[in-house]
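Enquirer: what follows is a protein structure lacking sequence information:
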């Protein structure tokens, strides 16, 4: 939940703002800073506007010695450890990788930290509903799973299906109430992820434990290199000339669009395609703001992400239903001269509802969640963006031409996608409802 802060006067404006910022950073929560109209009208002197208010950075929370020794003991006994880093582990990459290399652990992330371990040859990618078949297999076969700043929720662990029956589970978090909140754990550690990883590595080295192979065998490195990415997984192409398979669409776009990108994803039945098939350069290249399965927030997210990282090429993955809800904001991207690629996975429906309702009742009336096909390319051009309609791979040649033109306006890709009969990752998620 968000907490309110307030700018009380021109005299206190700097201090009030710093207080709000400090609370957001140190407490790791959203802060709404209220600026009343009467305060907005107040004159601020140059001295007041240039006031400096010191803000000490919060010291990392160090885990207890007992927790470190307990975790080191578990790692010393394990043969197939897997580390899963969440948002809370994004600033601990070096420390987590150092421990993983010493203990012989494979590494993965929750969706929000996608790209964190890109350079590591034993990186499994995303853990959870978006896991590739090989990643799911290797995580399930682990005898120890350690979550660094990771909630280990139903999405990341597929309702616990990714946890083997004999697997030990450890969770590291700054907040004690987060430990075991989503599933049973064998050990909970309160502490900073980077500090914990560094302390555990030091403890292992102090016992004389040398770096070991563990799960990091040469044979497994070859398997990971050949089959860990969704782009490497075979599938039956559903494209028929009128509709394009969303997997085929996204694989081709991954090759056409600049690699130094910031990818934002709306919510919906489609969302696995950009999340799985579009690569990102690092953990700061993926903006995944999912909550309560709310659709229609993707365009706003993409515009904000692009403004925050102007050096990266902005890409949005959205469904037709969500894009309908947000399309007025396309005018903002046009006015900002933003080269934003909007990939609209258009199945002329609220796809999640169609497939979810059909699971329980195949004869259900779907008229309320299906609608006539929309020409998003034409609507995009009406806003001042470029727009193309895609029904086949050949239609995507226009995307390459657009990228090469050094564009200064958005591109709306109206992709008429073939039905996948309901994305399996969403079906997995619906098991919890």
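Expert: Received the coordinates, thanks. Keep in mind that what you see is a predicted model, and the values were worked out from it rather than measured.
Enquirer: C-alpha from now on. contacts and neighbour counts both.
Expert: Fine.
Enquirer: neighbours of residue 181, just the number please.
Expert: Here the number of neighbours of residue 181 (other CA atoms under 10 Å) works out to 12.
Enquirer: same check on residue 123?
Expert: 23.
Enquirer: any low-confidence regions in the stretch 251-400 of the chain?
Expert: Filtered on pLDDT under 70, the stretch 251-400 of the chain yields the residue ranges 291-292, 358-360.
Enquirer: one more pass at 80, please.
Expert: 290-293, 351-369 (pLDDT under 80).
Enquirer: for it, what spans make up the strands?
Expert: Applying DSSP state E, counting those that start in this stretch to the stretch 251-400 of the chain gives strands spanning 261-265, 286-288, 313-319, 341-346, 386-390.
Enquirer: make JSON lines from these and add mean neighbour count and distance to residue 354 to it.
Expert: Shown next, in JSON lines, are the strands of the stretch 251-400 of the chain (neighbours: other CA atoms under 10 Å; distance: least, CA to CA, whole Å):
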{"stretch": "strand 261-265", "mean neighbour count": "27", "distance to residue 354": "20"}
{"stretch": "strand 286-288", "mean neighbour count": "23", "distance to residue 354": "23"}
{"stretch": "strand 313-319", "mean neighbour count": "26", "distance to residue 354": "13"}
{"stretch": "strand 341-346", "mean neighbour count": "26", "distance to residue 354": "14"}
{"stretch": "strand 386-390", "mean neighbour count": "22", "distance to residue 354": "23"}
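Enquirer: tell me which of those strands lies nearest to residue 124.
Expert: strand 286-288 (16.3 Å; CA to CA).
Enquirer: chain center to that closest one: distance?
Expert: 4 Å (CA atoms, centre = their mean, to the nearest Å).
Enquirer: dump the strands of the stretch 251-400 of the chain into JSON lines; add distance to residue 53 as well.
Expert: As requested, the strands of the stretch 251-400 of the chain are exported to JSON lines (distance: least, CA to CA, whole Å):
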{"stretch": "strand 261-265", "distance to residue 53": "33"}
{"stretch": "strand 286-288", "distance to residue 53": "31"}
{"stretch": "strand 313-319", "distance to residue 53": "35"}
{"stretch": "strand 341-346", "distance to residue 53": "40"}
{"stretch": "strand 386-390", "distance to residue 53": "46"}
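Enquirer: secondary structure class of the residue nearest to residue 187 when sequence neighbours are not counted, three-state.
Expert: Counting by CA to CA, 6 or more residues apart in numbering, residue 187 lies nearest to residue 170, which is 4.8 Å off, once chain neighbours are set aside. What DSSP: H, G, I helix; E, B strand; the rest coil gives for residue 170 is strand.
Enquirer: return the set of residues that bridge with residue 170.
Expert: residue 146, residue 187 (DSSP bridges).
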